[in-house]
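S.K.: Got a sequence here, can you build the structure:
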Amino acid sequence: MHKSERSKLRALSDIASIDITLEFDKILQNILEITCETMNANYGTIMLADESSNDLRIVASYRLGQDYAERVHEAAKKAGVPLTSSPSGTVLKTGKYYIVQDVYKEPKGKIWLHLSKELGFSSIIFTPMKRGLKVIGLLNIYWTDTHEFPDEEIDFVTIAASQATSVVQNARICCRLKNNIQELKEYKEHLEEKIHEAHTELFDSERYLRAVIDSSLDGIAVVNDQGIFEFGNDSFFNIIGWTRDELIGQYFMKVIPEDTKELILGHWQSIQNLNDPGGLHEVKIKTGSGEIRCLHVSTSLTEIRGKKKVIASILDISEKKKLEISLKESEARYRELFENAIDAIFTQDLEGRILTMNNAGLKIIGCTMDEVTGSHFSKWIAPDSHKKCQEILTRSLSGEVITKPTMIEMICINGERKWVEYTIRLIKEGDRITGIHGTGRDVTENKRLKQELKESNKQLKLLWYLIVGTRGGNTRALILKHLIDKPHNANQLADALNMDYKTVRHHLDVLVKNGIITKEKSNGYTTVYFPSKTIEANLNEFNQELNSKEIISKKLLYH
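M.R.: This is a model prediction of the structure:
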């Protein structure tokens with residue numbers, strides 16, 4: 001056998017014989033030293049892959065300086081790439097060795113080229129350390145000069161990497177065993193101390209639990225599988241209205257009123273049959289004095305020394321129930337007032353979404369509760385009125401108290417417009433504003449009547465002016481008198497008044513132009529004149545005005 005072959009076999013044997021009880025770093029150094037010296041190489045590194053993330057990290061180096069691994073990783077971090085972007089990543093992925101004959105021509109090594117120049121190596125072989133098909137790390141050998149890689153060298157480093165894999169795996173197992181043995185040894189040494197500590201903790205825990213139970217405001221009781229009271233804390237007896245001597249050793253149904261016994265027995269059977277999840281139940285009990293109280297009872301089934309026990313926790317809610325009943329009655333009264341109020345009532349959140357609205361409000365806008373709930377207030381308000389509402393809200397949020405209603409125009413679901421007197425107040429929880437409460441009163445009819453009255457007064461003044469205040473008023477009064485009796489055309493009026501036709505037409509045009517009379521075609525060609533509806537409504541008042549001023553009788557429209 002050739003001398004170099006014997007040397008390599010000896011090296012492989014030496015690697016396999018490394019003492020795996022040594023420190024892990026020392027084992028890795030021995031692998032590198034044996035491999036590099038056998039191959040007449042200048043440097044070497046071992047990289048291991050993380051078992052969960054599969055990231056590579058240099059864990060040992062040979063003759064490259066203590067900070068070499070740190071500098072390699074720092075260069076990768078500075079360049080923003082992982083270490084696997086080097087040839088080592090290709091080996092990790094493919095499971096095959098990777099030869100770099102000249103690092104200056106290797107595209108995957110440019111990030112670390114400054115280290116090659118500084119440390120003076122030119123050739124590298126990256127060899128996978130494999131467990132089965134999985135690559136767990138790399139054995140890398142470096143030469144200062146460019147290097148040819150004959151088959152025997154590749155074969156050797158491949159086998160060396162395989163041997164190194166076994167050594168590393170065995171060393172890891174040995175390390176874990178050593179740690180386990182040490183832990184067992186320490187556990188054994190301190191077992192008695194731990195048992196003592198456990199007893200102490202148990203005693204302290206029991207004492208602590210007793211203190212918690214005794215000081216609890218909730219009542220706590222223990223009942224055995226026969227339903228007999230075995231334990232109760234002070235709060236339990238205070239809440240249930242019986243003394244300890246009156247209940248301990250007694251059947252729990254002693255405290256249950258007659259009208260609920262059947263229901264409670266059903267709960268008890270469910271607990272015993274594990275059909276009750278131990279939820280919260282509302283239970284009535286009678287005290288020693290016969291008073292009925294309402295409790296919240298929570299139960300759980302447990303086993304102590306092989307015997308079933310029911311743990312019950314109770315809370316007196318008698319006052320709460322009274323308050324709930326009172327609140328429900330109050331809410332019912334409020335709801336009745338709310339729904340039957342004559343004025344519209346609504347609430348909205350601070351974003352303007354409507355939350356509630358009573359029947360009067362729904363009637364105004366002509367929609368259902370489903371149609372209005374969640375809609376934005378602006379949907380039902382005319383644009384000009386929306387500005388008023390925003391102004392009122394801003395003033396209210398600033399702290400101003402506004403009591404005078406604001407007139408706004410509502411838009412009904414069918415498009416109809418209605419006028420409403422609108423007021424709001426802020427809804428608060430403590431100092432926090434949570435919403436808006438508003439009321440509205442439909443004043444559309446009032447506003448229409450006011451407008452009609454305004455128009456009526458305007459027409460009355462105009463009529464007064466045309467009859468009394470201008471020339472030709474007598475003639476216009478006579479024309480109106482005849483038209484009130486019945487509609488006429490111009491010719492009929494001229495004959496009746498014995499006047500010139502053109503004069504009559506002139507006065508008719510004046511009266512039509514000012515809305516005192518109206519005209520329409522009769523038989524398709526003759527124009528007929530008659531008083532406007534507004535003027536008809538005001539003629540009596542006009543005559544009273546004329547009479548009060550002692551105007552000559554021929555100006556009167558009615559006799």
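S.K.: Next, residue 52: secondary structure please.
M.R.: Under DSSP: H, G, I helix; E, B strand; the rest coil, residue 52 falls in the coil class.
S.K.: In the protein, what helix or strand scores lowest on average pLDDT?
M.R.: The helix or strand of the chain with the poorest confidence is helix 533-548; it has a mean of 61 (mean pLDDT, DSSP states H and E).
S.K.: Which residue ranges of the stretch 201-350 of the chain form helices?
M.R.: Assigned by DSSP state H, counting those that start in this stretch, the helices in the stretch 201-350 of the chain fall at 234-240, 244-247, 261-272, 318-340.
S.K.: how distant is the last one from the center of its chain?
M.R.: Its chain's C-alpha centre and that of helix 318-340 lie 31 Å apart, by C-alpha atoms, centre = their mean, to the nearest Å.
S.K.: average pLDDT across that helix?
M.R.: Averaged across helix 318-340, the pLDDT comes to 74.
S.K.: The second one too?
M.R.: Per-residue pLDDT values across helix 244-247 average out to 89.
S.K.: start to end distance for stretch 423-443?
M.R.: Length of stretch 423-443, first residue to last, C-alpha to C-alpha, to the nearest Å: 13 Å.
S.K.: Can you list the buried residues in it?
M.R.: 423-424, 427, 435-436, 438-443 (16 or more other C-beta atoms under 10 Å). No exception for glycine: its C-beta is placed from N, CA and C like everyone else's.
S.K.: hmm, back to that, pick the most deeply packed of the helices of the stretch 201-350 of the chain.
M.R.: helix 234-240 (a mean of 19; mean count of other C-beta atoms under 10 Å).
S.K.: by contact count, what packs against it?
M.R.: strand 219-224, helix 244-247, strand 292-304, strand 307-316 (3 or more C-beta pairs under 8 Å, 6 or more residues apart in numbering; DSSP states H and E).
S.K.: So what touches the last one?
M.R.: For strand 307-316, contacts defined as C-beta atoms under 8 Å, 6 or more residues apart in numbering pick out 218-225, 230, 236, 239-240, 271-272, 293-303.
S.K.: Make a PyMOL selection of the buried ones in those residues.
M.R.: To isolate the buried ones among the contacts of strand 307-316 in PyMOL, judged by 16+ other C-beta under 10 Å, type:
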select buried, resi 219+220+221+222+223+236+239+240+271+293+294+295+297+299
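S.K.: Would you confirm that residue 112 contacts residue 87?
M.R.: No - with contacts counted by C-beta atoms under 8 Å, residue 112 stays clear of residue 87, the gap being 10.4 Å.
S.K.: Please identify which of the two sits among more neighbours.
M.R.: residue 87 (22 against 18; other C-beta atoms under 10 Å).
S.K.: Name the nearest residue to that one, ignoring sequence neighbours.
M.R.: Excluding the flanking residues, the one nearest residue 87 by C-beta to C-beta, 6 or more residues apart in numbering is residue 98, at 4.4 Å.
S.K.: do you know how far that neighbour is from residue 69?
M.R.: Distance, residue 98 to residue 69, by C-beta to C-beta, to the nearest Å: 19 Å.
S.K.: Tell me which of these two has more neighbours.
M.R.: For residue 98 versus residue 69, neighbours defined as other C-beta under 10 Å are more numerous around residue 98 (21 against 18).
S.K.: Strands along the stretch 301-450 of the chain, start to end?
M.R.: Ranges of strands in the stretch 301-450 of the chain, per DSSP state E, counting those that start in this stretch, are 307-316, 344-348, 354-357, 406-411, 417-429, 432-442.
S.K.: Distance to residue 121 for those - can I get that in CSV?
M.R.: Below are these laid out as CSV (distance: least, C-beta to C-beta, whole Å):
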stretch, distance to residue 121
strand 307-316, 75
strand 344-348, 79
strand 354-357, 78
strand 406-411, 86
strand 417-429, 76
strand 432-442, 73
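S.K.: Those: which one's closest to residue 54?
M.R.: strand 307-316 (51.7 Å; C-beta to C-beta).
S.K.: Note down every partner strand of the closest one and its orientation.
M.R.: As defined by DSSP bridges, the strand partners of strand 307-316 come to strand 219-224 (antiparallel), strand 292-304 (antiparallel).
S.K.: so where do the helices sit in the stretch 1-150 of the chain?
M.R.: Using DSSP H, counting those that start in this stretch, helices in the stretch 1-150 of the chain cover 3-16, 24-38, 68-79, 87-94, 113-119.
S.K.: Throw these into JSON lines and include mean pLDDT and distance to residue 377, thanks.
M.R.: Below are the helices of the stretch 1-150 of the chain laid out as JSON lines (pLDDT from 0 to 100; distance: least, C-beta to C-beta, whole Å):
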{"stretch": "helix 3-16", "mean pLDDT": "82", "distance to residue 377": "85"}
{"stretch": "helix 24-38", "mean pLDDT": "92", "distance to residue 377": "74"}
{"stretch": "helix 68-79", "mean pLDDT": "92", "distance to residue 377": "59"}
{"stretch": "helix 87-94", "mean pLDDT": "92", "distance to residue 377": "64"}
{"stretch": "helix 113-119", "mean pLDDT": "91", "distance to residue 377": "71"}
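S.K.: Quick one, which of these gets closest to residue 320.
M.R.: Each of those has some distance to residue 320 by C-beta to C-beta; the shortest is helix 68-79, at 63.8 Å.
S.K.: next one: the closest one to chain centre, how far?
M.R.: 45 Å.
S.K.: again, but for stretch 154-166
M.R.: The mean C-alpha position of stretch 154-166 is separated from the chain mean by 60 Å, C-alpha atoms, centre = their mean.
S.K.: What residues of that stretch count as buried?
M.R.: Buried residues in stretch 154-166 (16+ other C-beta under 10 Å): 156-165.
S.K.: mind listing which of those residues are in helices?
M.R.: Counted as lying in helices by DSSP state H, out of the buried residues of stretch 154-166, are 156-165.
S.K.: Turn the residues you listed into JSON lines, including distance to residue 254.
M.R.: Shown next, in JSON lines, are these (distance: C-beta to C-beta, whole Å):
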{"residue": "156", "distance to residue 254": "92"}
{"residue": "157", "distance to residue 254": "89"}
{"residue": "158", "distance to residue 254": "87"}
{"residue": "159", "distance to residue 254": "87"}
{"residue": "160", "distance to residue 254": "86"}
{"residue": "161", "distance to residue 254": "83"}
{"residue": "162", "distance to residue 254": "82"}
{"residue": "163", "distance to residue 254": "83"}
{"residue": "164", "distance to residue 254": "80"}
{"residue": "165", "distance to residue 254": "77"}
